[in-house]
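>>> Sharing a model prediction with you, sequence too.
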Amino acid sequence: MTRTRQLCYNPIIEPRSHPLPSRYQNQDSVFARAFDILRAAIDQRAFPAACAAVTFGGQLVCLKSFGLLTYDAESASATPDTIFDLASLTKPIGTTTMAMILYDRGLLDLDLPVTSVVFEFLKDDPRREAVTFRMLLAHSSGLPAYEKLYLETTSKDELLAKAFATPLVADPGSRAEYSDIGFIILGVALERIARQGNDGDTLDHFCHREIFGPLGMVRTAFKPPLTWHPRCAPTQDDQSFRLRIIQGEVQDENASVLGGVAGHAGLFASAPDVSLFAETMLAGGRRIVRPETIALFTRREVSPPGTSRALGWDTPSSPSQSGKYFSAASYGHLGYTGTSLWIDPQRQLSVTLLTNRTWPDCSNQAIKEIRPAFHDAVLEALEQNR
């Protein structure tokens with residue numbers, strides 16, 4: 001038996017009932033074209049596994065899994081309970097929601113300088129004093145998109161020191177540039193703010209206690225326990241850094257050095273759990289955050305000019321990975337491993353698509369064409385079956 005087959009063994013797991021009212025018994029006929037797009041993508045090796053979930057009008061109208069966990073013919077089949085590495089969906093579902101909760105409690109001032117909480121960020125560039133929490137959330141801090149900090153460090157403390165010292169590449173507030181580095185720093189800052197009210201709080205503990213637990217997201221976690229690993233979709237056969245198959249541990253190398261818990265990546269979840277979170281957002285944040293706070297964080301920022309970013313979220317642009325039908329009030333996010341979530345409050349609609357497109361490596365970019373086509377097919381199906 002090969003190493004891949006051993007790691008991808010997936011025992012039969014009884015699917016849990018979804019807390020949302022469901023009416024997806026006829027999903028195969030309603031969403032036939034959308035499902036065909038995902039099946040064709042698997043045939044073309046855009047990704048080996050996928051799971052889609054759609055909520056509409058407060059009901060779960062689609063929950064469907066496709067493919068195998070890897071391209072090995074003896075690999076386990078994906079199921080609705082397969083757990084995926086969410087990658088950058090960690091930013092809105094975990095880190096940004098933590099920011100919303102702290103904002104609701106009066107603990108987070110969006111226009112507070114980051115240096116007032118993360119003093120290590122104050123280096124020899126006076127521009128850094130102008131970087132605010134709002135800028136980190138809106139990706140307008142002037143920090144670069146990405147740095148391979150893991151190649152220069154061997155511990156969490158070393159990597160954080162490198163992140164805090166990363167030079168700005170633009171004046172704060174002058175342009176929007178998506179930044180993992182900014183969210184690494186944001187995660188640390190939010191932890192420090194949370195500790196003011198609960199000594200020792202960490203990002204993962206806060207999110208479990210304040211978000212995942214109250215919402216019943218029982219298959220969502222940072223650092224999945226070992227018992228979850230067989231049901232996790234593998235993301236990479238890493239032959240350059242960790243020298244092992246990555247299954248049940250975060251694919252992102254910087255997050256790996258940070259111990260699997262970071263503001264930019266590290267969260268794992270099943271598609272039903274992501275749809276539960278989305279429906280909570282559509283329902284005004286019940287049990288976790290105020291509707292007014294959701295409206296504030298999901299509204300497109302007016303600065304810098306031309307940005308598509310909201311606070312911790314993205315909004316549809318042209319062209320958009322959300323396709324051509326999501327309304328201007330929509331918001332969403334993508335994940336590097338092939339995950340996405342888009343939410344349309346005008347339609348009371350959410351579409352979750354989870355894949356492991358980085359298996360066995362990160363070279364395949366076909367997801368960029370598949371996502372918008374899938375979203376368009378889903379919205380066309382809903383329109384035709386109103």
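Ah, there it is.
>>> Quick check: chain neighbours aside, which residue is closest to the residue minimising distance to the centre of the chain?
The residue lying closest to the centre of the chain (CA atoms, centre = their mean) is residue 89, at 0.6 Å. Distances taken as CB to CB, 6 or more residues apart in numbering place residue 335 nearest to residue 89, at 4.4 Å, with adjacent residues excluded. C-betas here are computed from N, CA, C, even on glycine.
>>> can you check residue 149 too?
Closest to residue 149 by CB to CB, 6+ apart is residue 162, at 4.6 Å.
>>> what about that neighbour, helix or strand, and which?
With secondary structure defined by DSSP states H and E, residue 162 is part of helix 156-165.
>>> Give me the contacts around that helix.
Contact with helix 156-165 is made by 118, 120-121, 123, 147, 149-150, 152-153, 181, 184-185, 188, 254, 257-259, as judged by CB atoms under 8 Å, 6 or more residues apart in numbering.
>>> for this protein, which spans come out with low pLDDT?
Applying pLDDT under 70 to the chain flags residues 1-21, 197-200.
>>> Repeat the analysis, applying 80 as the threshold.
For the chain, the stretches with pLDDT under 80 are 1-24, 197-200.
>>> Buried only: go through the contacts of helix 156-165 for me.
118, 121, 147, 149-150, 153, 181, 184-185, 188, 254, 257-259 (16 or more other CB atoms under 10 Å).
>>> quick one: which of these sit in helices?
181, 184, 185, 188, 254, 257 (DSSP state H).
>>> what would those look like in TSV with distance to residue 133?
Listed next are those as TSV, based on distance: CB to CB, whole Å:
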residue	distance to residue 133
181	15
184	14
185	10
188	12
254	21
257	24
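>>> Out of these, which is nearest to residue 69?
residue 254 (24.7 Å; CB to CB).
>>> if I look at that closest one, how far off is residue 241?
11 Å (CB to CB, to the nearest Å).
>>> Dump stretch 240-259 to PDB, keeping only the CA atoms.
What follows is stretch 240-259, C-alpha atoms only, in PDB (Å, rounded to 0.1, in the frame of the first residue of the first chain):
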ATOM      1  CA  SER A 240      10.500  20.900  -0.700                       C
ATOM      2  CA  PHE A 241       9.800  22.100   2.900                       C
ATOM      3  CA  ARG A 242       8.100  19.600   5.200                       C
ATOM      4  CA  LEU A 243       9.000  16.500   3.100                       C
ATOM      5  CA  ARG A 244       5.700  14.700   3.700                       C
ATOM      6  CA  ILE A 245       2.100  14.600   2.600                       C
ATOM      7  CA  ILE A 246       0.100  17.400   4.100                       C
ATOM      8  CA  GLN A 247      -3.200  16.000   5.400                       C
ATOM      9  CA  GLY A 248      -4.900  17.400   8.500                       C
ATOM     10  CA  GLU A 249      -2.300  20.100   9.000                       C
ATOM     11  CA  VAL A 250      -2.200  23.500   7.400                       C
ATOM     12  CA  GLN A 251      -0.900  23.700   3.900                       C
ATOM     13  CA  ASP A 252       0.400  27.300   4.300                       C
ATOM     14  CA  GLU A 253       4.100  27.200   5.300                       C
ATOM     15  CA  ASN A 254       4.100  30.400   7.300                       C
ATOM     16  CA  ALA A 255       1.100  29.200   9.200                       C
ATOM     17  CA  SER A 256       2.800  25.900   9.800                       C
ATOM     18  CA  VAL A 257       5.800  27.500  11.400                       C
ATOM     19  CA  LEU A 258       3.400  29.500  13.500                       C
ATOM     20  CA  GLY A 259       2.000  26.200  14.900                       C
END
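>>> Right, I'll call it a day here.
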